[in-house]
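**Student:** no sequence for this one, just the structure:
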């Protein structure tokens, strides 16, 4: 069964304390790995798409990487405004996205 | 402004009373989709539509119906809601299907079925 697992479920960081979020996936024929940010009471907001192992993408303090079994979202020197739930989703052959449950990130000043 | 809109944003109803949640996008996207989000389970796809008059089941379609008569609209219909359909619902759209395309999400509809 296709599955996407995110860890940790929740993460508390001090401002400036870098860390990584993990997304492991087991889907048949990965076509893409998506990262989204979701703020309370809002819909997910697209961050990155990764298509092949070894690929990396960056946006401000965020950097996403992909291996054959997992993806990491690295957060460098986070700020309180980076606090949100981060979702990853794996796209399999066909037109279906399988989402993970998310990691709740809290950054304290 | 490019956006996906949903109405209503909040809805409280009773078991068995038919309801419709509307979704509209102004980006001329072909692909539209409905998800439900429950604590600890993440987003699960209910139905999706590749284009007008083309719809297909996602992971959790039971108890839901959809229609796609116009490109911009993709309503979600609950013919006989039950308490286990209490959830946060999101509509999303993308230009040409999920493959290689970013999905844009609406603001969500929070539904409570008593």
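**Tutor:** Everything's here; your move. Being a predicted model, the structure only gives us computed values, none of them experimental.
**Student:** Do I have it right that residue B:87 meets residue B:36?
**Tutor:** Yes - between residue B:87 and residue B:36 there is a contact at 4.4 Å, judged by Cβ atoms under 8 Å. Where C-beta positions appear, they are placed from N, C-alpha and C, glycine not excepted.
**Student:** the more surrounded of those two?
**Tutor:** Shown here are residue B:87 and residue B:36; by other Cβ atoms under 10 Å in any protein chain shown, residue B:36 has more neighbours (23 against 20).
**Student:** what residues does chain A put near chain B?
**Tutor:** Contact residues (Cβ under 8 Å from any Cβ of the partner chain) of chain A with chain B: A:4, A:31-32, A:34, A:36, A:41-46, A:49, A:51, A:87, A:89, A:91, A:95-102.
**Student:** which residue packs closest to the most centrally placed residue in chain B, ignoring adjacent ones?
**Tutor:** The centroid of chain B falls nearest to residue B:34 when counting by Cα atoms, centre = their mean (2.8 Å). Among residues not flanking residue B:34 along the chain, residue B:46 sits closest, at 4.3 Å (Cβ to Cβ, 6 or more residues apart in numbering or on different chains).
**Student:** and after the helix or strand containing residue B:92, which helix or strand comes next?
**Tutor:** Using DSSP states H and E, residue B:92 sits within strand B:87-94. For strand B:87-94, the following helix or strand on the C-terminal side (DSSP H and E) is strand B:104-105.
**Student:** Now do the helix or strand where residue A:107 lies: everything it contacts.
**Tutor:** For residue A:107, the enclosing helix or strand under DSSP H and E is strand A:103-108. Around strand A:103-108, the neighbours that count as contacts under Cβ atoms under 8 Å, 6 or more residues apart in numbering or on different chains are A:6-15, A:21, A:75, A:78-86.
**Student:** go with 7 Å
**Tutor:** By Cβ atoms under 7 Å, 6 or more residues apart in numbering or on different chains, the residues outside strand A:103-108 that reach it are A:6, A:8-15, A:21, A:78-80, A:82-86.
**Student:** Can you classify the residue of chain A found nearest chain B by secondary structure?
**Tutor:** Relative to chain B, the nearest point of chain A is residue A:43 (3.2 Å; Cβ to the nearest Cβ). What DSSP: H, G, I helix; E, B strand; the rest coil gives for residue A:43 is coil.
**Student:** can you pull the contacts of it?
**Tutor:** Contacts for residue A:43 (Cβ under 7 Å, 6+ apart) come out as B:90, B:105, B:106, B:107, B:108.
**Student:** Pull the number of nearby residues for the nearest residue to the first one once chain neighbours are set aside.
**Tutor:** Going back to what we said before, that points to residue B:90. Distances taken as Cβ to Cβ, 6+ apart put residue B:35 closest to residue B:90, at 4.7 Å, once the chain neighbours are dropped. Neighbour count for residue B:35, taken as other Cβ under 10 Å: 28.
**Student:** Quick one: distance of the host helix or strand of residue B:35 to the chain centre.
**Tutor:** If you go by DSSP H and E, residue B:35 is part of strand B:31-38. Here the centre of strand B:31-38 is set off from its chain's centre by 5 Å, with Cα atoms, centre = their mean, to the nearest Å.
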